[in-house]
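Engineer: return a 3D structure for these sequence lines:
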Amino acid sequence: MTDEGYPNAPIQLQIYSGGSGILQTIYGWFPVTSYQTTPSGFAFELDGLREISPDALDARIIRRAAAILSSPSRMEPGRRPEMHTERDHL
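Structural biologist: Numbering: from 1, shown residues only. A predicted model of the protein is given here:
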């Protein structure tokens with residue numbers, strides 16, 4: 001996905017059984033209303049007027065990632081990050 005102000009913007013396309021899904025972009029998350037594979041790739045339609053909010057798990061993941069990225073220990077050379085399970089931080 002590209003635009004003039006932000007070339008090569010990251011996106012994630014999640015497709016569920018039945019052809020529905022979510023397109024996650026820096027501009028918001030939008031419902032995919034249909035998905036199909038084609039001989040040359042794939043095609044999908046989305047509802048660009050109805051933005052989807054992240055669910056509780058998405059919010060916890062974002063908070064945890066922000067905490068990791070802002071941690072002073074992350075910046076110490078040679079230090080290995082501590083490993084935790086999801087249960088440790090939920």
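Engineer: low-confidence stretches in the chain?
Structural biologist: Counting by pLDDT under 70, the chain contains low-confidence ranges at 1-3, 73-90.
Engineer: what's the longest strand in it?
Structural biologist: For the chain, the strand with the greatest residue count under DSSP state E is strand 28-38.
Engineer: helices and strands around that one, which ones?
Structural biologist: Secondary-structure packing of strand 28-38 (3 or more C-beta pairs under 8 Å, 6 or more residues apart in numbering; DSSP states H and E): strand 12-15, strand 21-25, strand 41-46. No exception for glycine: its C-beta is placed from N, CA and C like everyone else's.
Engineer: buried deepest among the ones you listed, which one?
Structural biologist: Ranked by mean neighbour count, the helices and strands packed on strand 28-38 are led by strand 21-25 with a mean of 18 (mean count of other C-beta atoms under 10 Å).
Engineer: how is this protein divided into domains?
Structural biologist: For the chain, automatic domain parsing gives the domain ranges 1-53, 54-90.
Engineer: for the top helix by length along the chain, packing partners?
Structural biologist: As assigned by DSSP state H, the longest helix anywhere in the chain is helix 56-70. Helix 56-70 sits against helix 86-89, with contacts defined as 3+ C-beta pairs under 8 Å, 6+ apart.
Engineer: hang on, the earlier thing: turn the helices and strands packed on strand 28-38 into CSV, including distance to residue 56.
Structural biologist: Shown next, in CSV, are the helices and strands packed on strand 28-38 (distance: least, C-beta to C-beta, whole Å):
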stretch, distance to residue 56
strand 12-15, 17
strand 21-25, 15
strand 41-46, 23
